[in-house]
Structures are given as C-alpha cells and as structure tokens.
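In: sequence first, predicted model second:
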Amino acid sequence: PAAVQPADPEAATAAGRVYYVRQAAGEDAHDGLSPATAWRHLSKLARLEDGDTAYVGPGFYRQEIIVQNKRGVRLIADPEGRFTGDAPGLVMLAGSEPLDENVFEAGAAPGVYRAHFPDFAPSGIVEMDGDQYRYLRARSTREHLVEGLGLLEVVAALPATYHYDEETATLYLHTGDGRPPTAHEMEVIRRGAGVSIVASPETTVVGFTIRHVGDGGIIFGPGSDGGAALGNRVYGSRQGVRVNAATGVLVAGNTLFRNENSGVYYLRAAAGGAALGNVLYQNAKGLRWSSQSIDAVVVGNVAFDNLEAGIAIESAGGARLADNRLAGNRQTQLLLLDSRITSEGNCFELAAPGQLVARLSYMDRFETLEAYRQATGQDLGSRTGDCGPLPAPAEVGRLHAESRPLGPGS
C-alpha cells in the first residue's frame, strides 16, 4: 500500500482538503485537518467533500466508512504512520462484534446451541480462535435448497452452520467442532460492508485490512464509476471487493481470501473493469464476472486453492485474460459459462485428481490444457505444470492478535 500512496499529504490539496483519523490520539470535536487535530471515529468521514483525502491511522475500527454522492474522494490507510504520525500497526475494519458465549444453552441435537438474540439479525457467525471461516447460513445450503431439509434440521446435521428465527428472535448454531460456544472466542457479523461507495465516482480505497462483514469488504455501487481498490486485504466476508453496475473500476494489488462467495465480483453490467495483480485464495471463486458485465481486463493475478474456480466468467462478454497463475483451485482453474473471452499467457497448475483446467458447461470439462485449446482456440501460448511458488497464506490468528491491542474502536 505504501507504494500507491502520494509522496506527501500536500499532493491532494489542489483537489480538496486532507483529513486525518487517529484512533490512538484523535478526538471527534477536532477539525480533522492535521495529525494534531485528527478525528477518532470513521463516521466523521461522512463530512468529506469532492476531491478530499483522508488518512486513517493504525487502529481496530468496528465501524463502516460510507462515501455517498461525492466525487474523487481518496481513503488511504496509513499502517506505517507515515502521514498520521502514529506507531506502525494494522488499520483494521471489522464488521463483527464479540458474541457472549455464555448466553447459549444446549439445543435438541448434539453440537447445537441456542440463545435469545433480540438485538439484530446476524449476518454471520465466526469462531475467531479457528480458521475464521464464516458459518454457513442454513437457508443458503444445498441441504435446504435442493434436498429440502428444514432449517433446524440443517443446523443439526452440519457443523459450522446457523439459523436465526426472526419470529422468536432465537439464534441457533452448530459449532465447528461440536463443543459448546464457551469453548471458543466467537463474533457475530452485523455490518454489511467495510467501505461502502454509493453514487460516488472516482473514489479510491487504499491499504485497509477488512474482515468479517456481511456483504462486501469494499463495495462500489451504481454510479461509482472510475473507482479503485488498491493494496487492501479482505477476508471472512461474502465478497472481498464487489463492483455492482459500476464502470471502469480498477481492483489491483489486493489480497482477498476466505470470502464466502468470491474474492472480487463484478456484476450487473459492470463494464470495463480491470483486475490486476491480486492474490486470491480459499474463496468460493477467486475472480468472478457475471450478469452481462463486459470488457474486463484480467492480468497478473494469482488465484489458488479456491473452493470452486480461480477465475469465473459467467454470462459476460469481452474479457481479456493474460499472465494469470491459476493453481490448485478445487473444481476448475477457469470457469466459462455463456461468455466470450480472449486468453493467453496464463499458467494452469492442477494439484489433485479431479481438478480441471477449464469448464465451459456441465458437459464441457477439460482435464488438460490441450483439450481446452482444441475446443476453444484460446490459451495457445499458455502452459501447465509448476506455476512457481505461491504466496504464503495470511495467519488470521496473528492478524487478530495484532489488531486487538490497538483499542476497542467503539
């Protein structure tokens, strides 16, 4: 992230003002216009106007940033304290809150626990002392949607699932290992995004670590054309970065992992987006385009160990793929459904029996690059085999431990 920050804060003054948020030393009564008069809470950033820049110092913020009806706003995390003057540390946005494990009582089935939970409908449950995968919502599982199991039957059958009964305000969960919730440190997800960009073109988001939000870590909504997400890290959410009906959005240099749906998702006719140099792993899908999104540029990404596909192009057109490394994605490295692409210079690495180089439909499944080439005429200069060393996965326990001493962020 430091590489994409401007050389100094004065570089932004021609376009707008420069503001500062410092959890360690800020006060909301200040004007926010210098490190010495910084704000403390991210909610103060709602005051930003067109062309303004905000530097956010290290801290643990259980808050969401919303940019609405602005143009050219820049949100820059400052983990090194280069601009805010703080000691180095994570700039962490968390969409979850601690869950009181003591309120649960044993349910009707082994491993199932229940609690009265009237405050809000949870968007997810996470065991913070484990790998921090989100619990599956019972109503979204195959067992409920396809096999017809009742919601509580799903929770009884499947560890790491939950159901919230809104009528009775009761939360049911099946812990990942069947032990009581008191055996874990647990959090409940309640915020939908880390950074939400609403009708705000040319907004740039740089260098944040975002975890466990209900929807997207960074969301570019309709009317947020020409935005950019650079050098961020998002995990444990539904999507890492979501581009919804916005054009020309750049997503570059981010690390996106363990997201329930995808690392990056361009949807609803998101046109002209570019995904460059991202690292994506252990998501359902690494990079994803769908629903008539067109003219994507997909270059230099590393997608590995994703549960379904490394890159998925679904009902989308004109995507151009080059120099991507797709390795060990569990079902297929490349998923193409009803879509047109131009693809060259990629590397495909299969790590286990049954993994595919590419899939074009349920029937069109290609176990070798040569078979895929013959069927599509794509990737004639691409290769299979060892694609080189992969990035080391982040240690989520260490990230969690590093974030907690920085303060409650309330």
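Out: That came in fine, so what should we check first?
In: which residues sit against the lowest-mean-pLDDT helix or strand in the chain?
Out: Every helix and strand in the chain was compared by mean pLDDT, DSSP states H and E; the lowest is helix 396-403, with a mean of 92. Identification of contacts with helix 396-403 by CB atoms under 8 Å, 6 or more residues apart in numbering yields 60, 89-90, 92, 94, 128-129, 131-132, 209, 211, 235-236, 258. Placement of C-beta: from N, CA and C, glycine included.
In: of those, just say which sits nearest to T182.
Out: Ranked by distance to T182 (CB to CB), these are led by D129 at 11.7 Å.
In: quick one on the thing from earlier: now the least confident helix or strand of the chain: buried residues?
Out: The neighbour-count check on helix 396-403 (16 or more other CB atoms under 10 Å) flags V396, L399, H400, E402, S403 as buried.
In: quick one: V73 from L276, how far?
Out: Counting by CB to CB, to the nearest Å, the gap from V73 to L276 is 22 Å.
In: out of these two, which sits in the busier spot?
Out: V73 (26 against 16; other CB atoms under 10 Å).
In: my guess is that one meets V206, correct?
Out: No. Using CB atoms under 8 Å as the test, V73 is too far from V206 to be in contact (11.5 Å).
In: tell me the pLDDT at the residue of the chain positioned farthest from its centre?
Out: Largest separation from the mean C-alpha position in the chain: Q374, at 35.2 Å (CA atoms, centre = their mean). Q374 carries a pLDDT value of 97.
In: could you look up the SS state of it?
Out: Classification of Q374 by DSSP: H, G, I helix; E, B strand; the rest coil places it in helix.
In: could you check how far it is from A229?
Out: For Q374, the distance to A229 equals 37 Å [CB to CB].
In: please name the residues that touch the closest residue to Q331 other than its chain neighbours.
Out: Setting aside the residues directly before and after it, Q331 is nearest to E308 in space (CB to CB, 6 or more residues apart in numbering), at 4.9 Å. Residues in contact with E308 (CB under 8 Å, 6+ apart) are A284, K285, N329, R330, Q331, T332, L335.
In: what do you get if the cut-off is 7 Å, keeping everything else the same?
Out: Counting by CB atoms under 7 Å, 6 or more residues apart in numbering, E308 touches A284, K285, R330, Q331.
In: would you show me how to pick out the buried ones of the residues you listed in ChimeraX?
Out: To isolate the buried members of the contacts of E308 in ChimeraX, using 16+ other CB under 10 Å:
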select :284,285,330,331
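In: how is the closest residue to F117 other than its chain neighbours assigned, secondary-structure-wise?
Out: Distances taken as CB to CB, 6+ apart place L171 nearest to F117, at 4.0 Å, with adjacent residues excluded. The three-state label for L171, taken from three-state DSSP, comes out as strand.
In: distance of the residue positioned nearest the centre of the chain from P391?
Out: Central residue of the chain (CA atoms, centre = their mean): G240, 1.4 Å from the mean position. Using CB to CB, G240 is found at 15 Å from P391.
In: where along the stretch 101-250 of the chain do the helices fall?
Out: With DSSP state H, counting those that start in this stretch as the criterion, the stretch 101-250 of the chain has helices at 142-145, 151-157.
In: the last one - what's its average pLDDT?
Out: Pointing back at helix 151-157 there. Averaging pLDDT along helix 151-157 yields 98.
In: ok, the shortest one next?
Out: pLDDT averaged over helix 142-145 equals 97, rounded to a whole number.
In: list the contacts of it.
Out: A138, L149, L151, V154, A157, L158.
In: go with 6 Å
Out: Residues outside helix 142-145 that contact it (CB atoms under 6 Å, 6 or more residues apart in numbering): A138, L149, V154.
In: would you reformat the residues you listed as TSV and include neighbour count and distance to G124?
Out: Below are these laid out as TSV (neighbours: other CB atoms under 10 Å; distance: CB to CB, whole Å):
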residue	neighbour count	distance to G124
A138	25	12
L149	18	20
V154	25	15
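In: what's the closest of these to A271?
Out: Nearest member of the contacts of helix 142-145 to A271, counting by CB to CB, is A138, at 36.0 Å.
In: surely the closest one and T161 touch.
Out: Yes. Counting by CB atoms under 6 Å, A138 touches T161, with 5.3 Å between them.
In: find residues that contact each of these two.
Out: In contact with both A138 and T161: V154, V155, using CB under 6 Å, 6+ apart.
In: L356 is in contact with T368, isn't it?
Out: No. Applying CB under 6 Å, one finds L356 not in contact with T368, separated by 9.2 Å.
In: more crowded one of these two?
Out: The neighbour comparison of L356 against T368 (other CB under 10 Å) goes to L356, with 22 against 14.
In: report pLDDT for that one.
Out: 98.
In: let me see the contact set for it.
Out: Going by CB under 6 Å, 6+ apart, L356 touches T332, R365, F366, E367.
In: filter those residues down to just the ones in strands.
Out: Under the assignment DSSP state E, the contacts of L356 contribute T332, R365, F366 to strands.
In: using CSV, write out every CA atom in the least confident helix or strand of the chain.
Out: Below are the C-alpha coordinates for helix 396-403, written out as CSV (Å, rounded to 0.1, in the frame of the first residue of the first chain):
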residue,chain,number,x,y,z
VAL,A,396,-5.5,-14.9,10.6
GLY,A,397,-4.8,-15.7,14.3
ARG,A,398,-1.8,-13.3,14.1
LEU,A,399,-3.9,-10.6,12.4
HIS,A,400,-6.5,-10.9,15.1
ALA,A,401,-3.9,-10.8,17.9
GLU,A,402,-2.2,-7.8,16.4
SER,A,403,-5.5,-5.9,16.0
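In: returning to that earlier point: show me just the buried residues among the contacts of L356.
Out: Using 16+ other CB under 10 Å, the buried ones in the contacts of L356 are T332, F366.
In: okay, now L390: neighbour count?
Out: There are 16 residues near L390, going by other CB under 10 Å.
In: likewise for I313?
Out: When neighbours are counted by other CB under 10 Å, I313 comes out with 27.
In: any low-confidence regions in the stretch 1-150 of the chain?
Out: 1-14 (pLDDT under 70).
In: and with 50 instead?
Out: For the stretch 1-150 of the chain, applying pLDDT under 50 flags the ranges 1-13.
In: that older thread, for the residue nearest to Q331, phi and psi?
Out: Backbone geometry at E308, expressed as degrees, to the nearest 10, gives phi -120, psi -60.
In: how far away is it from A87?
Out: To A87, E308 is 41 Å away according to CB to CB.
In: great, nothing more from me.
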